[in-house]
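> Using only what follows, build the 3D model:
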Amino acid sequence: MNQETAALPHTTRHFTVLLSPTPRGARLARLLATEQLHSWGLPLDPARHIVAELAANAATHGRAPGRDFRLALHATAETLRIAVTDTHPERLPAPQLPSPDAESGRGLLLVEALAHRWGVKEDRFPRKTVWAELGLTPPEPDSPCSGTAGAFPQGT
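Numbers count the residues shown, from 1 in each chain. As a prediction, this is how the structure comes out:
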């Protein structure tokens, strides 16, 4: 179900999973990402909010019958990249201001506000990937909120 590799100890990590393009699949994406980030000793927020928005978009707007979406996390000592790939390339996402009384339509605005950078990559037909990156900074040594000990190598 997932793939995790480490080219260098605690420097590069990967996680991927295929999920059904349903509300349940979107919720599962957020839960799995939260658990994976926790196991890596990385901050949960705002990453889990970004995962929730991108997965909800894949389940709502990128849904194609019989085709799953992929959640991928790629972490280095400096950056966490969140990528969601779906199989509905005709619907490229773009943030738009919804009407004030709209009940939805603010997901990409949230991603834009929370991520350091984000974008869309058209892939081999019929795929597209929406990605967002967060900068990671090593925790202060001996900080009570530093997460898992050894999550970041010293000197990087």
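
> Show me what counts as buried in stretch 96-113.
Buried residues in stretch 96-113, counted by 16 or more other C-beta atoms under 10 Å: 107-108, 111. In this view, the C-beta of every residue, glycine as well, is placed from N, C-alpha and C.

> Actually, stretch 74-81.
74-75, 77, 80-81.

> Least confident of these?
Across the set of the buried residues of stretch 74-81, A77 stands lowest in pLDDT, at 91.

> Assumed that one was part of a strand.
No - using DSSP: H, G, I helix; E, B strand; the rest coil, the secondary structure at A77 is coil, not a strand.

> got any ranges where this protein has weak pLDDT?
Applying pLDDT under 70 to the chain flags residues 1-10, 89-92, 95, 98, 102-105, 138-156.

> which residue ranges form the strands in it?
Assigned strands in the chain, in chain order: 13-19, 69-75, 79-86, 117-122, 128-135 (criterion: DSSP state E).

> could you dump those strands to JSON lines with distance to S99?
What follows is the strands of the chain, written out as JSON lines (distance: least, C-beta to C-beta, whole Å):
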{"stretch": "strand 13-19", "distance to S99": "30"}
{"stretch": "strand 69-75", "distance to S99": "28"}
{"stretch": "strand 79-86", "distance to S99": "26"}
{"stretch": "strand 117-122", "distance to S99": "23"}
{"stretch": "strand 128-135", "distance to S99": "23"}
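
> just so I know, which of the ones you listed lies nearest D45?
strand 128-135 (9.8 Å; C-beta to C-beta).

> Give me the contacts around the closest one.
46-47, 50, 54, 57-58, 62, 78-86, 88-89, 92-93, 111, 114-123 (C-beta atoms under 8 Å, 6 or more residues apart in numbering).

> H49 and P23, how far apart?
Distance of H49 to P23, given as C-beta to C-beta, to the nearest Å: 17 Å.

> So these two - more neighbours on which side?
H49 (17 against 12; other C-beta atoms under 10 Å).

> Wait, the more buried one touches L114, no?
Yes - the criterion here is C-beta atoms under 8 Å, and H49 meets it with L114 at 6.0 Å.

> ranges for the helices of the protein?
Along the chain, counting by DSSP state H, helices occupy 23-40, 47-60, 107-114.

> the inter-axis angle of the first one versus strand 13-19?
Helix 23-40 and strand 13-19 are oriented at 160 degrees to each other (axes from the mean of the first three to the mean of the last three C-alpha atoms, to 10 degrees).
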